[in-house]
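Chemist: have a look; sequence and predicted model below, questions after that.
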Amino acid sequence: MPPVFAHGRLRLYLLKLLDEAPRHGYEVIRLLEERFQGLYAPSAGTVYPRLSKLEAEGLVTYATEGGRKVYSITEAGRAELADRSGELADLELEIRDSVTELAAEIRSDVRGAAGDLRREMRAAASASATQVGEDDSWKAAKEELRKARQEWKEQARRAKDESRRAREEAQTARRQAKEAQDRAREEVQRIAGQLQEQFAKSGGVLGGLAGAWLGGGTHGAGTAGRPGAADTDGAPGWAADLTPTGDPARDLDRLLDRFRDEVRDAARDHGVTAARVAQARDHLAAAAARLAATLAAKP
């Protein structure tokens with residue numbers, strides 16, 4: 001029988017199951033069995049070592065509840081899952097194909113068993129004809145053969161239904177993955193555009209923040225030689241390394257943290273006077289008002 005999961009694919013699918021909800025190891029095994037319509041169930045020796053490896057890599061974490069480890073995906077795990085969304089859709093198709101192959105093997109086994117049963121029934125009918133009469137033994141053999149055929153047809157029907165359901169679920173999962181990826185990309189672009197527009201109106205203190213994050217700013221060395229120093233036209237170039245993660249709320253928190261650190265560094269390097277604090281307060285108040293209006297606006 002060919003392997004159900006190609007190399008590294010079970011690891012990716014475990015991340016998908018933990019992204020749906022925190023789960024303990026036995027629940028993960030049970031869910032995998034359900035996804036394969038009962039045709040395949042991984043052993044504990046297959047699942048638990050992979051969960052431990054994911055935990056060691058920082059992609060999952062666990063908490064002990066009732067004496068059992070309940071695993072949860074981390075932000076790093078979600079980032080990897082988002083980066084491999086196309087591969088995950090392909091994996092759903094592979095699972096469908098694996099279910100189809102397993103069902104075909106079951107059908108082949110059933111056909112072989114039915115053929116063996118027919119031969120045995122014929123042999124039994126031939127042997128018993130001399131003892132109880134040819135007519136009665138043949139009728140009994142035909143009845144047994146009829147039952148065997150009926151059982152084979154029922155198992156073949158179930159295998160066909162399971163294969164169809166697996167194919168439909170794989171198609172649905174692929175479509176949902178693509179829709180989620182498109183929505184996330186559109187949301188990040190929308191919020192980034194709003195931030196860039198509002199920051200540009202804030203009077204120079206925050207004016208280049210969104211543009212630098214999107215990679216559109218000019219990165220100068222700055223007067224102090226720090227990566228966060230302002231460039232020649234006053235637009236900070238320090239946020240270009242903040243690659244969007246796919247989570248808009250997290251991207252905004254990272255921008256605000258970087259901005260706060262840059263202002264503190266500037267105050268330490270150049271000093272703070274009452275006049276500068278007053279100007280900074282006006283700039284920050286204006287920027288905060290524009291940001292609040294942006295974030296409160298309907299998409």
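Modeler: Yes, it's here.
Chemist: identify the bridge partners of residue 23.
Modeler: Taking DSSP bridges as the rule, residue 23 bridges to residue 71.
Chemist: can you pull the contacts of it?
Modeler: Residues counted as contacts of residue 23 (C-beta atoms under 8 Å, 6 or more residues apart in numbering) are 17, 31, 70-71. (C-beta placed from N, C-alpha, C; glycine too.)
Chemist: the helix or strand of the chain with the lowest mean pLDDT: what's the following helix or strand?
Modeler: Across the helices and strands of the chain, the lowest-confidence element by mean pLDDT, DSSP states H and E is helix 209-213, at a mean of 43. On the C-terminal side of helix 209-213, the nearest following helix or strand under DSSP states H and E is helix 248-270.
Chemist: of the contacts of residue 23, just the buried ones, ChimeraX syntax please.
Modeler: The ChimeraX selection below is limited to those of the contacts of residue 23 classed as buried (16 or more other C-beta atoms under 10 Å):
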select :17,70,71
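Chemist: taking the contacts of residue 23 together, which two end up most distant?
Modeler: 31 and 70 (13.9 Å; C-beta to C-beta).
Chemist: just the helices in the stretch 1-150 of the chain please.
Modeler: When secondary structure is read from DSSP state H, counting those that start in this stretch, the stretch 1-150 of the chain shows helices at 9-20, 25-35, 44-56, 75-83, 85-132, 134-200.
Chemist: mean pLDDT for the ones you listed: which is lowest?
Modeler: When those are compared on average pLDDT, helix 85-132 comes out lowest at a mean of 67.
Chemist: now residue 13, nearest residue through space, not along the chain?
Modeler: Leaving aside its chain neighbours, residue 13 sits nearest to residue 91 (6.1 Å; criterion: C-beta to C-beta, 6 or more residues apart in numbering).
Chemist: tell me, how many residues neighbour that neighbour?
Modeler: Residue 91 has 23 neighbouring residues, counting by other C-beta atoms under 10 Å.
Chemist: residue 263 and residue 256, how far apart?
Modeler: 11 Å (C-beta to C-beta, to the nearest Å).
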